[in-house]
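>>> any chance you can model this:
(one chain, ligands or ions: 1)
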Amino acid sequence: MSTRQTELVREQEYVTRLYERLDVLRDRTQRSLKDVLATGAVGTLQNRSERDTFAEMYASRLARLWAVERGLVFGRLDHVDEGRLYIGKLGLTDDEQDRLLIDWRAPVAQPFYRATPAAPMGVTRRRHLQTKGRAVIGVEDDLLDLDALSDDDRATLNGEAALLAALDEHRTGRMRDIVATIQAEQDRVIRADLNGVLVVQGGPGTGKTVVALHRAAYLLYTHRQRLERRGVLILGPNPMFLRYIEQVLPSLGETDVLLSTVGELYPGVTATARDRPEVAALKGDPRMAEVLARAVRDRQRVPRKPIELDLGGHTLTLDRNLLEAARNKAVRTRRPHNQARAVFVRSLLNALARQAAKRLGKGLVDDDELADLREELRTEPVVKSALNRLWPYLTPQRLLLGLYGSPERLGHAASALTPAERALLRRDPAARGGEWTESDVPLLDEAAELLGEIDEQVLRATALQAEEELAAARQAEERERESEVAYAREVLELTGLSDVMEAERLAERQRGEGPYLTTAERAAADRTWAYGHVIVDEAQELSPMAWRAVMRRVPTRSMTIVGDIAQTGSAAGARSWKEVLDPYVAGRWRQERLTVNYRTPVELMAVAARVLATIDPSLEAPASVRETGAEPWSAPMAALPELVKAEIGEGGKIAVVVPDALLEPVGETVRAAVAGAEVIAPGAGRGRGAAALDAPVAVLGVADAKGLEFDSVIVAEPALIAAQSPRGRSDLYVALTRATQRLGIVYDQPPGEALSGLPRRGREATNGL
Ligand SMILES: Nc1ncnc2c1ncn2[C@@H]1O[C@H](COP(=O)(O)OP(=O)(O)OP(=O)(O)O)[C@@H](O)[C@H]1O
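Next comes the predicted model:
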C-alpha cells in the first residue's frame, strides 16, 4: 500500500469510531426524549413545566446531533504538547470523558486556522480530512514545523490545498459551511470579542457572509448562556438571500438564530414591495424621524373653537384652555402617545365631571362623587367620540396611512420637506391597507416607538380596528397555525417520534405553553425584543431610518456589521461606515478587512475591477485566489437563448442578471428557451426564492442577486444597469462579481468603456460580424 492509502485506512478507523460514538449519543438522547414525553401531561404545574424544559433540551440536543452528520470531522492537529487532536463540528468524549473530537470553536482548535510555518503555535502538522458520507476519501497536510516532526511522521505527509478544491466545486444553490477551510484573516473575525461594534469591510467574494455566519456559531458556543437567553439576530438583504444561507447554521449545529430582512422586522407586516429609488431614499432619510414625531403630535390636537357636548339634559364645554392643560399634562409624562392618552382622558374627564357637578347644582363634591361622575361620563357616546377625535388611539399603520393619504397632514407634519419630496410620500387613500414596502417598515417601527402599545382589550372594545384589519389578523393567525403544525411535523420526523405524538398536538403545546417557544421564535414576535448580538449583512444597503430600527433591537451595541461600501446599490444606503455608526457609537467601533476573493476567478475580477474604477478610482478590488483560464466574453442580446443553453451544457447554476425594466421580456425569452428557468420578480418571498435557487437558470435583478453566487453569470445590457439608479455602477459591479467560474455580457446598447472589447461569442461572432 502507498503512504496515502495507509493513511486513509488509519484515518478511516478513527472516523468510523467517531460516527459510532455519535450514533450512541443519538440513541441515548432519543430514548431520554421519548421517556420524558411519555410521562404525559400529569402532575403539578411545576412538574409539567420541568418536563417540558427537559423535552425541549433533549429535542434540541437531538437536532444538533443530527445536523452534524455531514462533515462531522474535517481536521487533525499534531500538537507538540497536546498530542493528536481531531477537529470537527462538535465536541465528543467517550464514557470515560476522554476527548475524541474537539469542537472547531474551542480555543485549542484555533491553531487549525491560524498556525503558519512562521508561527506554528505548537503544531507540527495540520491535516485536512475529506469525507463523503462516513467515508474518508482524502487527506492533505500542511507542514508547519519540519524540525519538530518525527521521522515516522515525515513518512506520512500528504500535500495539496483543501481550500482550492472546496472553491472549485459546483455551486448547489445553497451556501455551505466552511469550517474545514477557514482562513487566518477570516478566523480573526470569527473569534473577535463579543462586545462592541465590529465592522467587517471586504470586497465581493471575500467570505463576509460565510464568516458572519460562522461568527454567530462561534459566539453562541463561547457565550452560550448569555446569547441563548437574548438570542442572535442576523439581518440579510432579501428573503431569497436568507434562503440561500439558512442551512449554514443548522449544519454547524446551531438552530436557534433568527434570520430576517429589514422588511420582516416589524411583527405582523411582511413588506416585500420596493419603492422607486427616490422614494426609498426619502423614506430612509433621517429627517423622517422628525416628520413622524410631528405627525403624532398633530394627532393630539386642540381645536381653536370650544367643543360643546350635548348630554341630553345639559351641555358641557371643552374650551381651549382646558384642552391645552390636559394635553400639556399628558405630553409632560413623556410617555408614548397611546399610553399618554390615559392622562389626557383622565384630566379631561375630571374637568368635565366638575363642570357637570356645577351644572347639577351640587357645588362642592367629594372625591368619591367626582369619581362616580367621571365614570358615568366615560361611557357617554358623545364624550367617547370627542375623546377619540381629540386624542385617538393610533396604530403605526393608521398613523402612516393617515399621513400618506392626506396632503393637509403631510403639509403640516412634513413642512421641513420640499413640496416635491412631500409628493413622493403621497399615497392614494383608496389604496388603504395596500402593500407595505421595505422602506415603510423602519417608519412603522419608528411610529410604534412613538405611539406605544395599545392594550389588547382596548383594541377590541373600541372597535378601532377596521373590518379588514381584523380579517387580516385572522388570516395571519391561521397561517401561523399552519406553519406551526408543519414545523412540529418536521421536528417529529427528525426525532423519529411521529408515532408517539401527533404534529397538531405538539404544535398546540408549543403555542399554549411559553417555555416551549425557542428564543428566536419569541424574539421574532416581539417588536421590543433586545437581542444579545445582532449581525447585519450587506449592511451598506441600510438607510439611516433602518439603522434606527436595528439599533433599537440591540441596546448593548454588541454587533457585527458586514458589508462593502463599493457595493452600495440602495439610494438610501451608506457612503461610509463612519457616517452610519458615528451617530450611535462615535469612536467606539472597530474595523477588520477581508482582502482575498474566494469566489471570483482572476480573469473575471480583472473586468469587474475596471467597473469599480469608474465608481471611484481609489477603490481597490480584492485579490482573487484562483485562475480558471475562462475569459469573460460578450455577445448581442439576440444570442442570449443559445448562450444560456450552451452554459447549461457546461453544468452548474446559471444566472442572467438584468436591468429591472427588462426583467419581464428577458425572463420570457429565457423561459421560452430553457425548461425550468425561474424569473424572480422583485420582492419574491422565501418560497419563490427557494424555487429560483434550485432552478438550473435564474433570471433576476441586481437587488435580488445581492450576496448570491452562481457557477456562470450572464449580465444583460450592462449600460442600462449602470443607468437605472444613482448607484447603478455599484449595481453593475455587484452583477459582475456573482460568478464562481464563467462570466459573459450580452447587449445591444454600448456597454461603456470599462466593458468594451471583450471577446465576442454567439451568433454574431459565428457569423463573423
Ligand atoms: N475559507 C473559505 N473556504 C472555502 N470557501 C470559502 C472560504 N471563504 C469564502 N468561501 C466561499 O467564497 C464564496 C464567497 O463568500 P461570501 O458569499 O461569504 O462572500 P461575501 O464577501 O459575502 O461576498 P459579497 O460581498 O459579494 O456578497 C462562498 O462560496 C464561500 O463559501
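>>> what residues does this protein put near the ligand?
163, 166-167, 175, 178, 181-183, 186, 202, 204-210, 564, 567, 598-599, 707, 709, 737 (CB under 6 Å from any ligand atom). The C-beta positions use only the backbone N, C-alpha and C, and glycine is treated the same way.
>>> can you give me the helices in the stretch 51-200 of the chain?
Taking DSSP state H, counting those that start in this stretch to define them, one finds helices in the stretch 51-200 of the chain at 111-114, 151-154, 162-168, 184-190.
>>> just name the shakiest helix or strand of this structure by mean pLDDT.
Ranked by mean pLDDT, DSSP states H and E, the weakest helix or strand in the chain is helix 503-512, scoring a mean of 46.
>>> could you point out the helix or strand that follows that helix?
helix 519-525 (DSSP states H and E).
>>> hmm, residue 746 and residue 632 touching each other?
No: Residue 632 lies out of contact with residue 746 (CB atoms under 8 Å); the separation is 11.7 Å.
>>> shaky segments in the stretch 501-650 of the chain?
Along the stretch 501-650 of the chain, segments meeting pLDDT under 70 span 501-517.
>>> ugh, wrong one, the chain
In the chain, residues with pLDDT under 70: 1, 40-46, 48, 145-166, 362-364, 429-434, 455-517, 683-689, 762-769.
>>> what about the residue lying closest to residue 648 once chain neighbours are set aside, neighbour count?
Closest residue in space to residue 648, ignoring its immediate chain neighbours: residue 696 at 6.0 Å, by CB to CB, 6 or more residues apart in numbering. By the measure other CB atoms under 10 Å, the count of residues near residue 696 is 17.
>>> and residue 696, what does it touch?
Residue 696 sits next to 648, 653, 654, 674, 676, 677 when contact means CB atoms under 8 Å, 6 or more residues apart in numbering.
>>> again with residue 314
356, 359, 360.
>>> measure it to residue 320 for me?
As judged by CB to CB, to the nearest Å, residue 314 and residue 320 stand 21 Å apart.
>>> what sits closest to the closest residue to the ligand within the stretch 351-500 of the chain if chain neighbours are left out?
Residue nearest to the ligand within the stretch 351-500 of the chain (CB to the nearest ligand atom): residue 438, separated by 18.4 Å. Distances taken as CB to CB, 6+ apart place residue 263 nearest to residue 438, at 4.0 Å, with adjacent residues excluded.
>>> next one: residue 453
Per CB to CB, 6+ apart, closest to residue 453 is residue 338, 6.6 Å.
>>> quick one, phi psi at that neighbour?
phi -70, psi -30 (degrees, to the nearest 10).
>>> any idea how many residues pack against it?
Residue 338 has 22 nearby residues by other CB under 10 Å.
>>> contact partners for it?
393, 394, 451, 452, 453, 454.
>>> so which residues of the stretch 551-700 of the chain form helices?
Under DSSP H, counting those that start in this stretch, the stretch 551-700 of the chain gives helices at 577-585, 602-615, 640-650, 663-673, 686-694.
>>> list the contacts of the longest one.
Looking back up the chat, that one is helix 602-615. Against helix 602-615 from outside (CB under 8 Å, 6+ apart): 204, 566, 597, 600, 619, 621-622, 624, 626-632, 729-730, 732-733, 736-737, 739, 742-743, 752-755, 758.
>>> mind checking which of those residues land in strands?
Among those, DSSP state E puts 597, 624, 739, 742, 743 in strands.
>>> which SSE is the closest residue to the fourth one other than its chain neighbours in?
Meaning residue 742. Nearest residue to residue 742 in three dimensions, chain neighbours excluded: residue 712, at 4.1 Å (CB to CB, 6+ apart). Using DSSP H and E, residue 712 maps to strand 710-716.
>>> before we move on, what about residue 212?
helix 208-222.
>>> neighbours of the residue lying closest to residue 269 once chain neighbours are set aside, how many?
In this structure, residue 269 finds its nearest non-sequential neighbour in residue 436, 5.4 Å apart by CB to CB, 6+ apart. The number of residues packed near residue 436 is 20, by other CB under 10 Å.
>>> pretty sure residue 436 is touching residue 444, no?
Yes: between residue 436 and residue 444 a contact is recorded at 7.1 Å, counting by CB under 8 Å.
>>> for the two, list the residues in contact with both.
residue 269.
>>> which residues are in contact with residue 660?
Counting by CB under 8 Å, 6+ apart, residue 660 has contacts 682, 701, 703, 724.
>>> now, of those, which are buried?
Burial by neighbour count, judged by 16 or more other CB atoms under 10 Å, picks out 701, 703, 724 from these.
>>> test my guess that the first one contacts residue 655.
Right, residue 701. No: counting by CB under 8 Å, residue 655 is not a contact partner of residue 701; they are 10.8 Å apart.
>>> on that earlier part again, for PyMOL, what selects the buried ones among the residues of the chain next to the ligand?
The buried residues among the residues of the chain next to the ligand can be selected in PyMOL (16+ other CB under 10 Å) with this line:
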select buried, resi 163+167+175+178+181+182+183+186+202+204+205+206+207+208+209+210+564+567+598+599+707+709+737
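>>> how about residue 378, nearest residue that isn't a chain neighbour?
Nearest non-adjacent residue to residue 378 (CB to CB, 6+ apart): residue 349, at 6.0 Å.
>>> and the one you found, that's in a helix?
Yes: assessed with DSSP: H, G, I helix; E, B strand; the rest coil, residue 349 lies in a helix.
>>> and it, how far from the ligand?
Using CB to the nearest ligand atom, to the nearest Å, we find residue 349 at a distance of 58 Å from the ligand.
>>> can you show me the CA trace of stretch 583-592 as CSV?
Taking Å, rounded to 0.1, in the frame of the first residue of the first chain, the C-alpha atoms of stretch 583-592 are listed here in CSV:
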residue,chain,number,x,y,z
PRO,A,583,-24.5,58.7,15.5
TYR,A,584,-24.6,55.7,17.7
VAL,A,585,-21.1,54.7,18.8
ALA,A,586,-18.8,57.5,17.8
GLY,A,587,-15.2,56.4,18.2
ARG,A,588,-16.2,53.1,19.7
TRP,A,589,-16.3,50.8,16.7
ARG,A,590,-13.5,48.8,15.2
GLN,A,591,-13.0,47.6,11.7
GLU,A,592,-11.5,44.4,10.2
